[in-house]
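In: Sequence and predicted model, in that order:
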Amino acid sequence: MFGNKRGGEGDCNKRETRGKREKCSSSKSSNSAASSSSSDSSSDTKNMTRSRRLSDKPADSVGDTDINSVFSIGRITRGQMNRLKQISSESLNFELSGSVRLKNSKKSVVAGSSSDQTRKFVMKRKHELDSEKSPEKKACKSIHGRSIVATRTAILPLASPVPHKAVTRTTSTRRTRLVSDGSNSDAPPVESNGMITAPTTPTKVNQTPPGNNEWLQRFLQWNARDKIQVLENLIGVCQPHEVRHMLEVIEPQFQRDFISLLPKELALYVLSFLQPQDLLIAAQTCKFWRILSEDNLMWREKCLEEGISEPYMTKIMRNNWKSKRSVGCGSTWKASFLRHARIEANWRSGNTKTPKLLKGHDDHVITCLQFNGSRIVSGSDDNTLKVWSAISGKCLRTLTGHTGGVWASQMRKNLIISGSTDRTLKIWNADTGLCVHTLYGHTSTVRCLALHDNIVVSGSRDATLRAWNIDTGECTHCLVGHMAAVRCVCYDGERVVSGAYDYMVKVWDPETEECLHTLQGHTNRVYSLQFDGHYVVSGSLDTSIKVWEIERGTCLHTLMGHQSLTSGMELRDNILVSGNADSTVKVWDILTGECLKTLEGSNKHHSAVTCLQFYGKFVITSSDDGTVKLWDVKTGKVVRDLVTLDSRGSGGVVWRIRASQTKLVCAVGSRNGTEETKLLVLDFDSEPK
C-alpha cells in the first residue's frame, strides 16, 4: 500500500482539476453539506465527551497517547520513550481512536464536499485501518500536513506498580500524545504548519496538583519492594531537569554535620582518630572544623606518634606572640608537623638551599666529625680541630695543641673533647678556642671516645679504658682486661661496653672497675659497637654481626649476610642498620635476627660503605665511590643521590657524614689529591619567608 503512495498523490491532483470544472455543482451541494455538518456537530460533541470520559478512566483504561511527538521535539529522551511504551498496556481503545477519526473525517467533509475530497477521505480512512492492523509501519501524511496516529500506547499511571522489564529500543512513530491519569484530555496545541507540538513545561506553583493526596496515600500502602519499583518507574519517565531537582531535594537529607552538633570534647575525641593528613583536609571543611583541627593537645599526640618531640613556632607565630595577639598564633605542634612534612619532602625532592663549601685541613684526611645543629667540629690527621658555623659556613676557631693526629672527638654544649695519637685527651672551649684541660694517662694512641653527661670514657691502643670527669679533668676510673687495642666503646651512664682487637666484647661497671661479662664468639677483630641499655650489637672483621643480651651476657643472634668488615652501625629501638665494606647496607630486626631489607639495586654503592646515619624514615650512607645516597627504609630503594663528587671513581671519597633533621654535613677528600679536602653542608629547611 505504501509503494503506491506517490501514484495516489498523482491521481489526487487530476481529481482536483476535474473538481474545479464541477465547481458550480459543488456550490449547489454546499448548503446541504452545511446542514449535515450542523446536524453532526451534536454527535461530534457527544463523541468528544465520550473520549474525554474514556481518557479519565482509571489505570485499567486505555489511552490514546502521543509519545513520539514529545520525543521528536526533545521533551523526553529515547530511553524514556521506550520505557513508557514498555510499561504501557497492550489493549487498544477502539472507541476513543474511532471518535478522534470521526472528528477528523467530519472536518475533512466540511472542508469540501466534492467527490474528489470524498475519494481522498476514503483513501485516508483505508490507510488508518491498515495502520491499526500493523502499528509498526510508518504513518503517511494527510493532505493537510497533519500526521495520522499510527500507534496506540496507553500509560499505566503510577497508581499501579508494574514489574520491571529490560528496556529495548524500538522504532516508533513521529508524533504521539501523552494521556495519563488525571491529566487534561484536551487536544495538544498545533503550530501554523499543522504539526502537533508538546505542551510547555508547567511553571512551579504552590498549589498541589489534583490527585496528589490520593497518590501519596496509595503509595504509603504498598510494601517496600513495590515502592522502590514505582520510584524506578517514576525516575525512568522523568526529564533530566526533573531528576536534577530530585537530587537537590534528596542530597541534603544525607548531609549532616554531626561534628558541629557534638560537644567540643566529643568532637575532638572523634577527630583524634584521624591521621594527620586527614586532619589537614578536615580543617578546610568549615570554620568550626578548622577551630577544632587547630587543637594543640591533639596535634601534640600526633607529633609524638610521628617521633616529633618539640613544638615549632613560625615567624608569624613569633611576631604575633611578641605583639600579644592571639589571632593567627595557631597550634605550635601542628606547625611542627607541617615543618617536618615539608623538610621530608625536601629530602626526597632535593629542594635545598645553596650548598656551603667549608674548606680547611689542606689535603689531610678528616678523621672525625661532630655536628650539633649550629656548630660543626672536624678533626684531622694534621693535628688540629676546626670549629665551623653550620649557618654561615665560616671557620670560627682552629684548635691547635695536639702533637699528633686527632682520631677521636666528642662534643657537649660548648665543650669539645679530642683524643690523639700523642696519647692525650684535650678539653676545649668552643666559644673561645682555649684548651681547658689536657688529660694524661694513656700510654698509646687514644682511638675512641664515649661521652655521657660530664663523664667521658676513652679507649686506647694500650688495651685500657679510662673514665674522665670533663669538668675537673680528673681520671676517675681505669678499666683493665683487654689483651689488645680497644677499637670501640659505648657508655650509657651505668655500664661501659668495649670492643677490641682481641676478638672480645666486654661489659664493665665503671664504678667498681669490674668486668661484668666477657662476650666471646667473634673470630676476628671487633670494629663497631651499638648499645641501647639492654642489647649489645657488635660488628667484626669476621663478616658477622652478633646480638648480645646485656644482663646474662648471652648471644641471642648471629646475623650473617655481609661479606666483609662491618664499618658502621646504627640502632633505633629494635631496628639495626649496618654498612659494610662489601658495598651493601642491611636492615635487621635484632629481636628475631631477621634481615628485613638489603639496600641495594642498580643504583647501589660500588665501593665500601664508609659511614651511615639512620634518621627517621631514611638511611644516609657514604662510600669510597664518592657518593652519598638516601635510602627509604620501608621500601629498601634508593631515593636519590644527595652528593656526587666530580672525582668519583678516580679517588674521590666521602669519609664521614653527620645529619640532623634539616642538615647534612659531609667530609670529603681523596687519597691521591684528586679531590680537595672540604666539608659540604646541605640545608633542607626551606621555610617560606
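Out: Yep, it's here. Residues are numbered from 1 along each chain as shown.

In: Pull out the buried residues from the helix or strand containing residue 215.
Out: Secondary structure from DSSP states H and E places residue 215 in helix 212-221. Residues of helix 212-221 classed as buried: residue 215 (neighbour count, 16 or more other CB atoms under 10 Å). For the C-beta atoms, the positions are set from N, CA and C on the backbone; glycine is no exception.

In: Who are the packing partners of that helix?
Out: The helices and strands touching helix 212-221, judged by 3 or more CB pairs under 8 Å, 6 or more residues apart in numbering; DSSP states H and E, number zero.

In: Next SSE downstream of that helix?
Out: Past helix 212-221, the next helix or strand by DSSP H and E is helix 224-237.

In: got the buried residues for that next one?
Out: Buried residues in helix 224-237 (16+ other CB under 10 Å): 229, 230, 233, 236, 237.

In: Serialize the residues you listed to CSV and add fields for distance to residue 650 and pLDDT.
Out: Listed next are the buried residues of helix 224-237 as CSV, based on distance: CB to CB, whole Å; pLDDT from 0 to 100:
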residue, distance to residue 650, pLDDT
229, 81, 92
230, 83, 90
233, 82, 91
236, 77, 90
237, 81, 92
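
In: of all the residues you listed, which comes closest to residue 311?
Out: residue 236 (59.3 Å; CB to CB).

In: Show me what the helix or strand residue 266 falls within is packed up against.
Out: Assigned by DSSP H and E, residue 266 belongs to helix 264-271. Packed against helix 264-271 by the contact rule (3+ CB pairs under 8 Å, 6+ apart) you find helix 258-261, helix 287-293.

In: For it, give the mean pLDDT please.
Out: On average, the pLDDT along helix 264-271 is 92.

In: Alpha carbons of it, in PDB - could you do that?
Out: Extracted in PDB, the C-alpha atoms of helix 264-271 (Å, rounded to 0.1, in the frame of the first residue of the first chain):
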ATOM      1  CA  LYS A 264      33.700  20.000  71.900                       C
ATOM      2  CA  GLU A 265      35.200  17.300  73.900                       C
ATOM      3  CA  LEU A 266      33.400  14.500  72.000                       C
ATOM      4  CA  ALA A 267      34.100  16.200  68.600                       C
ATOM      5  CA  LEU A 268      37.900  16.300  69.500                       C
ATOM      6  CA  TYR A 269      37.800  12.700  70.500                       C
ATOM      7  CA  VAL A 270      36.300  11.700  67.100                       C
ATOM      8  CA  LEU A 271      38.800  13.800  65.200                       C
END
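
In: which residues sit against that helix?
Out: 259, 260, 262, 279, 282, 292, 293, 295, 298 (CB atoms under 8 Å, 6 or more residues apart in numbering).

In: make it 10 Å
Out: For helix 264-271, the external contacting residues (CB atoms under 10 Å, 6 or more residues apart in numbering) are 258-263, 278-279, 282-283, 288-289, 291-293, 295, 297-298.

In: before we move on, the earlier item: just the closest of the buried residues of helix 224-237 to residue 332, please.
Out: Each of these was scored against residue 332 by CB to CB, and residue 236 proved nearest at 57.8 Å.

In: Next one: that closest one from residue 229, what distance?
Out: Remark: distance between residue 236 and residue 229 (CB to CB, to the nearest Å) = 11 Å.

In: got it, and residue 628?
Out: 69 Å.

In: Drop anything exposed from the contacts of helix 264-271.
Out: So, of the contacts of helix 264-271, 259, 279, 282, 283, 289, 292, 293, 295, 298 end up buried under the neighbour-count rule (16+ other CB under 10 Å).

In: Who are the contact partners of the fifth one?
Out: This means residue 289. Residues near residue 289 by CB under 10 Å, 6+ apart: 257, 259, 260, 267, 271, 279, 281, 282, 283.

In: wait, the second one sits on residue 288?
Out: Yep, that's residue 259 we're talking about. Yes: the criterion here is CB atoms under 10 Å, and residue 259 meets it with residue 288 at 7.6 Å.

In: How far does stretch 252-267 stretch from one end to the other?
Out: With CA to CA, to the nearest Å applied, stretch 252-267 spans 22 Å between its terminal residues.

In: follow-up on the earlier one: worst mean pLDDT among the helices and strands packed on helix 264-271?
Out: helix 258-261 (a mean of 85).

In: could you pull out the helices for the stretch 401-550 of the chain?
Out: Remark: no helices are assigned in the stretch 401-550 of the chain by DSSP state H, counting those that start in this stretch.

In: Now the helix holding residue 266: buried residues?
Out: 267, 268, 271.

In: Redo the residues you listed as TSV? Include distance to residue 305.
Out: Formatted as TSV, these follow (distance: CB to CB, whole Å):
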residue	distance to residue 305
267	20
268	16
271	14
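
In: Tell me the one among the residues you listed nearest to residue 334.
Out: residue 271 (12.5 Å).

In: do you know how far the closest one is from residue 286?
Out: Residue 271 is 13 Å from residue 286, by CB to CB.

In: joint contacts of the two?
Out: Common neighbours of residue 271 and residue 286 (CB under 10 Å, 6+ apart) are 259, 292.

In: And the average pLDDT for stretch 565-585 is what?
Out: 92.

In: Show me which residues of it are buried.
Out: 565-571, 575-585.

In: Let me see the contact set for the residue nearest to residue 580 when sequence neighbours are not counted.
Out: With CB to CB, 6 or more residues apart in numbering as the criterion, residue 580 has its nearest non-adjacent residue at 4.2 Å, and that residue is residue 562. By CB under 10 Å, 6+ apart, the contact set of residue 562 is 539-540, 542-545, 578-582, 584-586, 595, 598.

In: Good, we can wrap up now.
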